[in-house]
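Participant: How does the following fold in three dimensions:
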Amino acid sequence: MPKKIVTAGDRVYLKFFDLDFFHERAKEADADLCPFREFDENKFKAAIADADALIVIDRPLTEEHMTAMQKCKIILALQVGYNYIDVKAATENGIIVSNVPSYGKEQVAVHALALMLSVYRRIKIMSEETSRGGWNYNVGKPQFDTRGKKLGIIGLGKIGRTLVRKVQGLELEILAYDPYIADDIFEMLNVKRCYELNDLLDAVDCISLHVPLTDETYHMISAKELTLLKKEAVLINTCRGKVIDEKALCHALKNNIIAGAGLDVLEKEPPDKDNPILSLSNAIVTPHAAWYTEESLERLKVQGMDEVIRVLNGGRPRNVVNPEVLYK
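Facilitator: Residues are numbered from 1 along each chain as shown. Below you'll find the model as predicted:
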């Protein structure tokens, strides 16, 4: 009897309009691909009960789901983040949790830089001016040189380090905060280390966020942190929306507590149409697209399915979120 691979989560089908590639790759493990596109929880539990593998994007997986999966060998988060998966419960049930950590690091860093420069140069408000038939650069005042400014990077993992390389030609001074990275990494990158978050916030002209969403990072940028920033500061977020207290950020932008924000992620996605942050002239919002290029989309599906096929054929995955499960 063929093995069973279930796919679930709206963003799987948003990213991949057809699943022909996944169907073909499934054959390499003598498996059938079974897309699940509904929202009914009981039907979902029934669909995954006999699954050998589960591929998901942003579909919450709880302890109850783990218990329901009697045959599952691997859960693949077809993305970098996996905060919606109960990893502890998966480990207790002997299920490998894997992700695709590197497929889009270059693109996310480029997008963060694009947002930073667009906000700094007030591209949105000046573009709106010319779209209305105007031709007055004064709508974009004030603007300041970027050379010599201080960029603060929160999270010096794969994407944060890639951003360091991307901005070096802009002659910025780079500071970073990451309590989980050794000093020699900062020294190697020629980045000034801030051991306390508040020290970084107080010093920089721009902040770019590159952290996973965890209990520790939830709303790590809220009203208190925003008041520590300079009035001319710009905030960039291409990681997870809930890292920022969005209501506090909206208040800060409306009241000129900070100068601007570039956001690729929001607390609720897609946002409500009346979300006030969408209409602010000093905020640029893109639809969770920082990861995307045609090449990164290809890498995502290839690297993701490589993991699933490897495990279903008895091999060891290359990217394991819960490595302790391998020794159970």
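Participant: How about R37: what's its closest non-neighbour residue?
Facilitator: Closest residue in space to R37, ignoring its immediate chain neighbours: Y13 at 6.5 Å, by C-beta to C-beta, 6 or more residues apart in numbering. (C-beta placed from N, C-alpha, C; glycine too.)
Participant: Same check on D178?
Facilitator: L156 (4.1 Å).
Participant: Figure out the length between the terminal residues of stretch 272-280.
Facilitator: Distance between the boundary residues of stretch 272-280 (C-alpha to C-alpha, to the nearest Å) amounts to 15 Å.
Participant: Contacts for that stretch, please.
Facilitator: Outside stretch 272-280, the residues that touch it by C-beta atoms under 8 Å, 6 or more residues apart in numbering are E246, L249, C250, L253, K254, A261, L263, L266, K268, P271, A283, V285.
Participant: Write a PyMOL command that selects only the buried members of those.
Facilitator: This is how PyMOL selects the buried members of the contacts of stretch 272-280, with burial counted by 16 or more other C-beta atoms under 10 Å:
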select buried, resi 246+249+250+253+261+263+266+271+283+285
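Participant: Quick check: the farthest pair among the contacts of stretch 272-280?
Facilitator: In terms of C-beta to C-beta, the contacts of stretch 272-280 reach their longest pairwise distance at K254 and K268, which sit 18.9 Å apart.
Participant: tell me the strands in the stretch 1-150 of the chain, going along the chain?
Facilitator: In the stretch 1-150 of the chain, strands defined by DSSP state E, counting those that start in this stretch lie at 3-8, 31-36, 53-56, 74-77, 96-98, 150-154, listed in chain order.
Participant: and Q143, which of the ones you listed is closest to it?
Facilitator: Of all the strands of the stretch 1-150 of the chain, strand 150-154 sits nearest to Q143, with 16.7 Å by C-beta to C-beta.
Participant: Could you export that closest one as PDB, CA atoms only?
Facilitator: What follows is strand 150-154 as a C-alpha-only set of coordinates in PDB (Å, rounded to 0.1, in the frame of the first residue of the first chain):
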ATOM      1  CA  LYS A 150      23.500  53.500  12.400                       C
ATOM      2  CA  LEU A 151      21.600  50.400  11.400                       C
ATOM      3  CA  GLY A 152      20.500  48.000  14.200                       C
ATOM      4  CA  ILE A 153      19.900  44.400  13.400                       C
ATOM      5  CA  ILE A 154      17.900  42.300  15.900                       C
END
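Participant: returning to what we had before: export the strands of the stretch 1-150 of the chain to CSV and tack on mean neighbour count and mean pLDDT?
Facilitator: As requested, the strands of the stretch 1-150 of the chain are arranged in CSV below (neighbours: other C-beta atoms under 10 Å; pLDDT from 0 to 100):
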stretch, mean neighbour count, mean pLDDT
strand 3-8, 22, 98
strand 31-36, 18, 98
strand 53-56, 28, 98
strand 74-77, 27, 98
strand 96-98, 25, 98
strand 150-154, 25, 98
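Participant: Including distance to A47, could these go into TSV?
Facilitator: Written out in TSV, the entries for the strands of the stretch 1-150 of the chain read as follows (distance: least, C-beta to C-beta, whole Å):
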stretch	distance to A47
strand 3-8	6
strand 31-36	5
strand 53-56	9
strand 74-77	14
strand 96-98	19
strand 150-154	39
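Participant: To Q168, which of the ones you listed lies closest?
Facilitator: strand 150-154 (10.4 Å).
Participant: was I right about the residue nearest to R37 contacting F36?
Facilitator: No. Counting by C-beta atoms under 8 Å, F36 is not a contact partner of Y13; they are 10.1 Å apart.
Participant: that older thread, give me the neighbour count for the residue nearest to R37.
Facilitator: Y13 is surrounded by 15 other residues when neighbours are defined as other C-beta atoms under 10 Å.
Participant: Same check on K231?
Facilitator: Summarising burial for K231: neighbours were counted as other C-beta under 10 Å, giving 9.
Participant: Now V6. Nearest residue, chain neighbours left out?
Facilitator: A51 (4.4 Å).
Participant: give the contact list for that neighbour.
Facilitator: For A51, the contact set (C-beta under 8 Å, 6+ apart) comprises K4, I5, V6, C34, M69, K71, C72.
Participant: same thing but at 7 Å, please
Facilitator: K4, I5, V6, M69, K71, C72 (C-beta atoms under 7 Å, 6 or more residues apart in numbering).
Participant: Check those and tell me the two furthest apart.
Facilitator: Within these, I5 and M69 form the most distant pair, 12.4 Å apart (C-beta to C-beta).
Participant: Serialize the contacts of stretch 272-280 to a markdown table and add fields for distance to Q303, secondary structure and pLDDT.
Facilitator: Shown next, in a markdown table, are these (distance: C-beta to C-beta, whole Å; DSSP: H, G, I helix; E, B strand; the rest coil; pLDDT from 0 to 100):
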| residue | distance to Q303 | secondary structure | pLDDT |
| --- | --- | --- | --- |
| E246 | 31 | helix | 98 |
| L249 | 33 | helix | 98 |
| C250 | 36 | helix | 98 |
| L253 | 37 | helix | 98 |
| K254 | 41 | helix | 98 |
| A261 | 31 | strand | 98 |
| L263 | 27 | strand | 98 |
| L266 | 27 | coil | 98 |
| K268 | 29 | coil | 96 |
| P271 | 29 | coil | 97 |
| A283 | 33 | strand | 98 |
| V285 | 28 | strand | 98 |
